[in-house]
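In: 3D, please:
(one chain, ligands or ions: 1)
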Amino acid sequence: MAKYEIIGGTPLEGSVTISGAKNAAVAILPAALLVEGVCRVENVPDISDVRILLEILRDMGVRIQEEGPGVLRLDATHITNRCPNPELVRKMRASYYLMGALLSRFHQADVALPGGCNFASRPIDQHVKGFAALGADVEETDDYVYLREGPDGLHGSRITLDVVSVGATINIIMAACLLPGQTIIYNAAREPHIVDLANFLNTMGARISGAGTEVVKIWGVERLRGGSYAIIPDQIEAGTYLAAVAAVGGNVLVQNVIPKHMDCITSKLQEMGVSIINYDDAIRIRSTGKLHHTTVKTRPYPGFPTDMQAQICVCMTLASGISRLTENVYETRFFGYCTELQSMGANILITGKTATVTGTKQLKGATVCAHDLRAGAALIIAGLAAQGTTVVENIHFVERGYERLVEKLTALGANIRRIDD
Ligand code: EPZ
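Out: I've put the predicted structure just below:
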């Protein structure tokens, strides 16, 4: 397994360009299955989750050409295999979007249950609830979901989600796109990548309104044609670099961002003492590395994102005073990285959903192990800030979601290198 070796202590200076949003790309690429025509998609991040999805789509008969860096042309007019390769499906979480796309286009789907980061139990009962409401017969086994058109056919419906679920919101939007009638999703998630998917589908001829609010309406259409679309910048990648500068110190211009998407993250970092300047499509962050304690409660968007929990926790371990971090989306997420941070000298006490973090002057380099994507990113930030050398193992998790991470950090002056075992 590959690892990163990091020699900490160097402030980060210069500029970094944020890639296309992972969680938008892994929804938009399966959505291409809905389109009988050519979709030209720009700003596709070159990360392992995207590479796996493209392999799945090619295996199904989608014609995919790379027009340039991050620019793909996908043509799903002729699908030759409607059963996505289960070995590949099990390698990531977002492969479950294939269910909604196949149900909408072909009125059936046989898709293996997804894999992905296992920092918590990640059920799909709300996805299933949506498919059933749309008239599908759903059969679930230990490792597969089988969807068929029910006796009354597939049709629009009204669905109230029991929990605010990004995945279920996206899957139901995809499933409803080509079904007759109107679908309304209540208690929908509002994340930027949901809006991005809806904008992509509307560009291809879908009729979706309300994405980004808690009520999303979809009027089914006969067919979707081709078109061009550019994926939004990655809110969490950008937040990760901001947290790195906050923890290590430095002066960095983070380019290709949508500042509005970052509000909750930047306002928290400002509370901790960093300077933030928002431009139209960039953010400048300055930090002395001396941070004040704060309190964070993760929430669905527009709240503080759970995917930034680990990264802000590292900042808290170095902040003066006592910080409190409450996780309201995935209660067990702390266990993916807190023990590792404690081995670097962090003072973290976990009680139920809350971590109490007492700041320390310095973290010490150590050999640590990534257990999931964002936990790995947090350990890299800790290594950049720590005194001495840190080795982060299992960095394949990290490379699922961060494009050219070593290259981007090196350009900011970080001392980091990848070691292949
Ligand atoms: C998406 O996961 C993201 N993944 C996650 O990012 C992110 O942490 C999460 O949304 C929350 O923002 C992708 O977009 C590929 P949810 P998802 O459905 O859709 C419960 C990363 O680091 N729930 O919004 O799986 C669930 O247990 C990854 O990029 C049900 O109970 O998350 C959780 O407590 C990690 N039943 C809450 O809802 C369901 O059917 C939110 O989950 C679905 C979810």
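
In: host element of the closest residue to the ligand within the stretch 151-300 of the chain?
Out: Closest to the ligand within the stretch 151-300 of the chain is G167: 2.7 Å, counting by CB to the nearest ligand atom. C-betas here are computed from N, CA, C, even on glycine. Assigned by DSSP states H and E, G167 belongs to helix 166-176.

In: and that helix, how far out from the chain's middle?
Out: 15 Å (CA atoms, centre = their mean, to the nearest Å).

In: Number the residues from 32 up from this point.
Out: Let's use 32 as the start, then, which means that last one is helix 197-207.

In: Please name every helix or strand in contact with that helix.
Out: In terms of contacts (3 or more CB pairs under 8 Å, 6 or more residues apart in numbering; DSSP states H and E), helix 197-207 is packed against helix 53-62, helix 128-137, helix 156-164, strand 213-217, helix 223-234, strand 246-250.

In: Could I get the buried residue list for the third one?
Out: Buried residues in helix 156-164, counting neighbours by 16 or more other CB atoms under 10 Å, are found at 157-162, 164.

In: near the ligand, which residues of the stretch 32-181 of the chain show up?
Out: Applying CB under 6 Å from any ligand atom, we find that the stretch 32-181 of the chain lies next to the ligand at 53-54, 57, 124-125, 148, 153-158.

In: As a check, name the ranges of all strands in the stretch 182-331 of the chain.
Out: Listed in chain order, the strands found in the stretch 182-331 of the chain under DSSP state E, counting those that start in this stretch are 189-191, 213-217, 238-240, 246-250, 258-261, 281-286, 306-309, 313-318, 322-323, 326-328.

In: residue ranges of the strands in the stretch 332-452 of the chain, please?
Out: Chain-ordered strands for the stretch 332-452 of the chain, with DSSP E, counting those that start in this stretch as the definition, fall at 350-351, 353-357, 378-382, 385-389, 398-400, 420-424, 446-450.

In: which residues touch the residue most central in space within the chain?
Out: By CA atoms, centre = their mean, the chain has its centre lying nearest to N54, at 3.8 Å. The contact partners of N54, taken as CB atoms under 8 Å, 6 or more residues apart in numbering, are 125, 197, 222, 224, 265, 267.

In: rerun at 6 Å
Out: The contact partners of N54, by CB atoms under 6 Å, 6 or more residues apart in numbering, come to H224.

In: rewinding a little: a markdown table for the strands of the stretch 182-331 of the chain, including distance to T111 and mean pLDDT?
Out: Shown next, in a markdown table, are the strands of the stretch 182-331 of the chain (distance: least, CB to CB, whole Å; pLDDT from 0 to 100):
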| stretch | distance to T111 | mean pLDDT |
| --- | --- | --- |
| strand 189-191 | 32 | 98 |
| strand 213-217 | 29 | 98 |
| strand 238-240 | 28 | 98 |
| strand 246-250 | 28 | 98 |
| strand 258-261 | 23 | 98 |
| strand 281-286 | 41 | 98 |
| strand 306-309 | 48 | 98 |
| strand 313-318 | 44 | 98 |
| strand 322-323 | 55 | 98 |
| strand 326-328 | 48 | 98 |
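
In: how near is the residue located most distally from the centre of the chain to Q340?
Out: Relative to the centre of the chain, the most outlying C-alpha is that of P182, 36.4 Å out, by CA atoms, centre = their mean. Per CB to CB, to the nearest Å, P182 is found 44 Å from Q340.

In: Repeat that for F366.
Out: Here the criterion is CB to CB. By it, F366 lies 12 Å from Q340.

In: quick revisit: what about the strands of the stretch 182-331 of the chain, which gets the closest to D403?
Out: strand 326-328 (18.8 Å; CB to CB).

In: Paired strands for the closest one, with orientation please.
Out: Strand 326-328 has its sheet partners listed here by DSSP bridges as strand 353-357 (parallel).

In: Name the residues of the strand it pairs with that come out as buried.
Out: In strand 353-357, counting by 16+ other CB under 10 Å, buried: 354, 356-357.

In: Then stretch 320-339?
Out: For stretch 320-339, burial by neighbour count (16+ other CB under 10 Å) applies to 320, 322, 324-325, 327, 329-332, 335-339.

In: same check, this time on stretch 434-441
Out: So for stretch 434-441, counting by 16+ other CB under 10 Å, buried means 434-437, 439-440.

In: can you check stretch 188-200 too?
Out: Judged by neighbour count using 16+ other CB under 10 Å, the buried positions of stretch 188-200 are 188, 190, 192, 195-200.

In: measure it end to end?
Out: 14 Å (CA to CA, to the nearest Å).

In: Identify the residues contacting it?
Out: Contacts of stretch 188-200 (CB under 6 Å, 6+ apart): 157-158, 161, 164-165, 214-220, 222, 225, 331.

In: before we move on, what about stretch 239-248?
Out: Taking CB under 6 Å, 6+ apart as the rule, stretch 239-248 contacts 215-219, 221, 225-226, 229, 232-233, 249.

In: For these, work out which two are farthest apart.
Out: N218 and N233 (21.8 Å).
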